[in-house]
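Enquirer: how would this look folded up:
(one chain, ligands or ions: 1)
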Amino acid sequence: MAFRDLWEFIEAAQAVGDLKLIKGAHWDLEIGCITEIMAEQEGPILLFDAVPGYPEGFRIVTNFLGTPQRFARALGIPPDLPKMEILKAWREKSRAIEFLSPVEVGSGPVTENVVEGEEVDLEKFPAPKWHELDGGRYIGTADMVITRDPTSGWINVGAYRACLQGKNRLSLWVLEHHHGKQIMRRYWEQGRPCPVAVVLGCEPVTWMAAPSAVKAGVSEYEYAGGLRGAPVEVIRAPHTGLPVPAFAEIVLEGEIPPLAEESVLEGPFGEWPGYYTHTGQECVVRVRRIMHRNKPILLGNPPLLPTTLRYGIPLFATRIWDHLESAGISDVRGVWGHCHTLMIVISLKQKYPGHAMQALTATAGLQAGASMYRYVVAVDEDIDPSDLNQVLWAMTTRVDPAESVQILHSWTSDLDPRVPPEKREKGDYTAGRMLIDACRPFTWRDKFAVANRFSAAKRKQIWDKWSAELKKATRS
Ligand SMILES: Cc1cc2nc3c(=O)[nH]c(=O)nc-3n(C[C@H](O)[C@H](O)[C@H](O)COP(=O)(O)O)c2cc1C
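Expert: Residues are numbered from 1 along each chain as shown. Sure, this is the predicted structure:
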C-alpha cells in the first residue's frame, strides 16, 4: 500500500511502536546529536516538535528509514525476514518495477499556506545545525530538487544538500556530473537563471527516487510511481510551472542564477563517510515563493557514522550483484555493503579455481556513484555476508594474507579523507583497493577443517522446536 503523505507513513510507524515524539530539543545541535545517538542504537523514527523559538507543529522527522524492518515496511516487503532476505526481496522488487507517470491534480494540501516576495522567510522553519562544525543550518538533507531541461522539457529530480543563506537564499552543492547541474548549465549558457523547486519534506518512498540513478531523459517521478506502486500526485507550482508533489510538506520555488553572477561559500558539512571534507563557492537559489502545509514536517536525513543504516539495507549492493551476473560470474548467493558500502562482501559457491578472485576484480571495476569502496571480500556460501561476525570469522580463519589478498591502485572520491593534501590539490583522487579472498582455498577445500557451527537446516529444525519456550524463559 502506498503512503499518500509523510504523516500516513509516521502513523504506520506509530501503530507498530516505532516512533518517538521528542518535544523541546533545540535546532542548534540537540536534534542532530539525539538523531546520531538514536540511529547508532537502531532506535525508532524520531519526530521533533516544539523546537525552542518555533511554533508548536513546525516539526522535523529523522531516522525515518534506518532499520531493515522499517525499510521493508515502507516498500511493502515482509519486515520479519532476515536482512539478507530483505535485500533479495528488494532486488526482485526493483527489477520488476514499472515506471508510472505522475498524475496532475488541481490542488493539494501543500498550498494551505503561501507566501511570496518580501514575505519569504526560510527561517520560519526549524532547520537544524546537525553537526558541531557544520558551516550553517542545513534545511535540505532529504530534499527533492526539481528542474526542467530547457530543450526537451524532461523533469529531473535530485537530492542535493541545501543550506540556509539568509531569509530568501539557499545554497546547493551539486556535483558537476549530476543531471541537475547539467540542466542548470544549459540555462546558464543561454544567459538565463535556472527555475527550480525544492521539496523539503514528503512521503519517504517518493523521496527515495530523488537520489536514485535514473537515466537522463527519464523523470525520477516515474521511478517514484513505480516504487510506490501508485503514481505521484503533483500540482503545477505557480511561479516556475514545475510539477511538485501535491502532498508535500514544504515547497520552495525560485531561480538559480549563473555561478558567475552569484555564488556563496558552502560547507563544511559532516558528510556520509563520517568527516568534513568539501567547502567551496557553490550556487544559490533565490527563493521567491514558499508553499507549506499546516503543521509542516521537515524531512531530516543528516549523514552520520557510515556504520549506521541510512536505508536499513545497502541499496547499492543490488547494483553490484546485477553487475556480477552481467559479467558472467555465476553462483553468487548474496552481496552486502558494510559501513555504507565502504566494504563490500560477496558470498558465492565456488565452482572453479579463481572464481572468487574473478568476482572480486569484477566488483572492483564497477564505477558507480560514490563507489569509493576500500575492501572487497569474497566469502563461501555458508557465510551470511550481512552478518559482520560471520564475515570476520571467515577473514580471520580462511585468509592467508600472504596469498589471499591483492591490492589495486584505483579510483576514489573527493570525499575520501585518506587522499593526501598534495594529491587533493592536483585533483588526483586515486587510492588503493584491497581484494580479499576469504573463501576456503578451492583446490583443497575438501581437506579444510570442518566448521563446528551448526548447519542452517539443523539450527532451524532445533530452533523451531525450542524458540517459543526459550523466548518465554527470557521474559520471565
Ligand atoms: C542523502 C543524500 C544526500 C545527497 N547529497 C548530495 C549533494 O549534496 N550533492 C550532490 O551532488 N549529490 C548528492 N547526493 C547524490 C545525488 O542525489 C544522486 O547522485 C542523484 O542521483 C543525482 O541526481 P541527478 O543525476 O538526477 O542530478 C545525495 C544523495 C543522498 C542519498
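Enquirer: Which helix or strand lies directly C-terminal to the longest strand along the chain?
Expert: What stands out as the longest strand in the chain, according to DSSP state E, is strand 280-292. Proceeding N to C from strand 280-292, the next assigned helix or strand is strand 297-299, under DSSP states H and E.
Enquirer: tell me which strands and helices that following strand is in contact with?
Expert: helix 6-15, strand 59-62 (3 or more C-beta pairs under 8 Å, 6 or more residues apart in numbering; DSSP states H and E). To be clear about C-beta, it is placed using only N, CA and C from the backbone, and glycine gets the same treatment.
Enquirer: Quick one: closest of the ones you listed to the ligand.
Expert: strand 59-62 (12.0 Å; C-beta to the nearest ligand atom).
Enquirer: How about residues contacting that closest one?
Expert: Strand 59-62 is contacted by residues 6, 10, 31, 35, 39, 45-49, 51, 126, 128, 201, 295-302 when judged by C-beta atoms under 8 Å, 6 or more residues apart in numbering.
Enquirer: quick check, that strand touching the ligand?
Expert: No - Strand 59-62 does not reach the ligand (C-beta under 6 Å from any ligand atom); its nearest approach is 12.0 Å.
Enquirer: Sheet-wise, list the partners of that strand with their directions.
Expert: When sheet partners are counted by DSSP bridges, strand 59-62 sits next to strand 45-49 (antiparallel), strand 297-299 (parallel).
Enquirer: how distant is it from the center of its chain?
Expert: 17 Å (C-alpha atoms, centre = their mean, to the nearest Å).
Enquirer: Please apply the same query to stretch 392-408.
Expert: 30 Å.
Enquirer: Now it: buried residues?
Expert: Buried residues in stretch 392-408, counted by 16 or more other C-beta atoms under 10 Å: 393-395, 398-399, 404-405.
Enquirer: what's the closest of those to the ligand?
Expert: Closest to the ligand, out of all of the buried residues of stretch 392-408 and judged by C-beta to the nearest ligand atom, is residue 395, at 28.8 Å.
Enquirer: about what we covered before: single out the most deeply packed of the helices and strands packed on strand 297-299.
Expert: strand 59-62 (a mean of 26; mean count of other C-beta atoms under 10 Å).
Enquirer: Dump the C-alpha coordinates for it into CSV.
Expert: Extracted in CSV, the C-alpha atoms of strand 59-62 (Å, rounded to 0.1, in the frame of the first residue of the first chain):
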residue,chain,number,x,y,z
ARG,A,59,8.2,19.7,13.1
ILE,A,60,11.2,17.6,11.9
VAL,A,61,11.3,13.8,11.4
THR,A,62,14.6,11.9,11.3
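Enquirer: For the stretch 51-200 of the chain, list the residues in contact with the ligand, please.
Expert: So far as C-beta under 6 Å from any ligand atom goes, the stretch 51-200 of the chain lies against the ligand at 156, 158-161, 173-175, 178-180.
Enquirer: Mind checking which of those residues are in strands?
Expert: Per DSSP E, the subset of those in strands is 156, 158.
Enquirer: For the residues of the stretch 51-200 of the chain next to the ligand, pick the one with the most neighbours.
Expert: When neighbours are counted by other C-beta atoms under 10 Å, residue 161 leads those with 25 neighbours.
Enquirer: Could you list the low-confidence segments of the protein?
Expert: 368-371, 474-476 (pLDDT under 70).
Enquirer: go again using 50 as the cut-off
Expert: Within the chain, no stretch has pLDDT under 50.
Enquirer: so which of the strands paired with strand 59-62 gets nearest the ligand?
Expert: With C-beta to the nearest ligand atom as the yardstick, what comes closest out of the strands paired with strand 59-62 is strand 297-299 (10.1 Å).
Enquirer: what does that closest one contact?
Expert: 6-7, 10, 47, 59-61, 64, 125-127, 139, 141-143, 200-202, 204, 207, 249-250.
Enquirer: From residue 358, how far out is the residue nearest to residue 324 when sequence neighbours are not counted?
Expert: Distances taken as C-beta to C-beta, 6 or more residues apart in numbering place residue 332 nearest to residue 324, at 5.3 Å, with adjacent residues excluded. Distance of residue 332 to residue 358, computed by C-beta to C-beta, to the nearest Å: 11 Å.
Enquirer: what does residue 263 give?
Expert: Counting by C-beta to C-beta, the gap from residue 263 to residue 358 is 47 Å.
Enquirer: what ranges do the helices span in this protein?
Expert: 6-15, 30-40, 68-75, 83-96, 179-189, 204-208, 220-228, 316-326, 355-364, 388-397, 421-425, 456-475 (DSSP state H).
Enquirer: Nearest to residue 270, out of those?
Expert: Residue 270 lies closest to helix 30-40 among these, at 8.5 Å (C-beta to C-beta).
Enquirer: what angle separates the closest one from strand 45-49?
Expert: 170 degrees (axes from the mean of the first three to the mean of the last three C-alpha atoms, to 10 degrees).
Enquirer: pull the CA atoms of helix 30-40 into PDB?
Expert: Provided in PDB are the C-alpha atoms of helix 30-40 (Å, rounded to 0.1, in the frame of the first residue of the first chain):
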ATOM      1  CA  GLU A  30      20.500  19.000  20.100                       C
ATOM      2  CA  ILE A  31      18.300  17.500  17.300                       C
ATOM      3  CA  GLY A  32      21.400  16.400  15.400                       C
ATOM      4  CA  CYS A  33      23.100  14.800  18.500                       C
ATOM      5  CA  ILE A  34      19.900  13.000  19.500                       C
ATOM      6  CA  THR A  35      19.500  11.700  16.000                       C
ATOM      7  CA  GLU A  36      23.100  10.400  15.900                       C
ATOM      8  CA  ILE A  37      22.800   8.600  19.300                       C
ATOM      9  CA  MET A  38      19.400   7.000  18.500                       C
ATOM     10  CA  ALA A  39      20.400   6.000  14.900                       C
ATOM     11  CA  GLU A  40      23.600   4.300  16.300                       C
END
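Enquirer: Which elements pack onto it?
Expert: Against helix 30-40 (3+ C-beta pairs under 8 Å, 6+ apart) you get strand 45-49, strand 59-62.
Enquirer: Need those in a markdown table (columns: distance to residue 230).
Expert: Shown next, in a markdown table, are the helices and strands packed on helix 30-40 (distance: least, C-beta to C-beta, whole Å):
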| stretch | distance to residue 230 |
| --- | --- |
| strand 45-49 | 22 |
| strand 59-62 | 21 |
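Enquirer: what about residue 30, neighbour count?
Expert: Residue 30 is flanked by 17 other residues according to other C-beta under 10 Å.
Enquirer: sorry, that was for residue 88
Expert: Residue 88: 19 neighbours (other C-beta under 10 Å).
Enquirer: Distance check, it against residue 127.
Expert: For residue 88, the distance to residue 127 equals 38 Å [C-beta to C-beta].
Enquirer: With residue 228 instead?
Expert: 27 Å.
Enquirer: And residue 4, by the same measure?
Expert: From residue 4 to residue 127 the distance is 25 Å (C-beta to C-beta).
Enquirer: So for the two, which residue has more residues nearby?
Expert: Comparing residue 4 with residue 127 by other C-beta under 10 Å, the one with more neighbours is residue 127, at 25 against 17.
Enquirer: residues in contact with that one?
Expert: Contacts of residue 127 (C-beta under 8 Å, 6+ apart): 27, 137-139, 164, 298.
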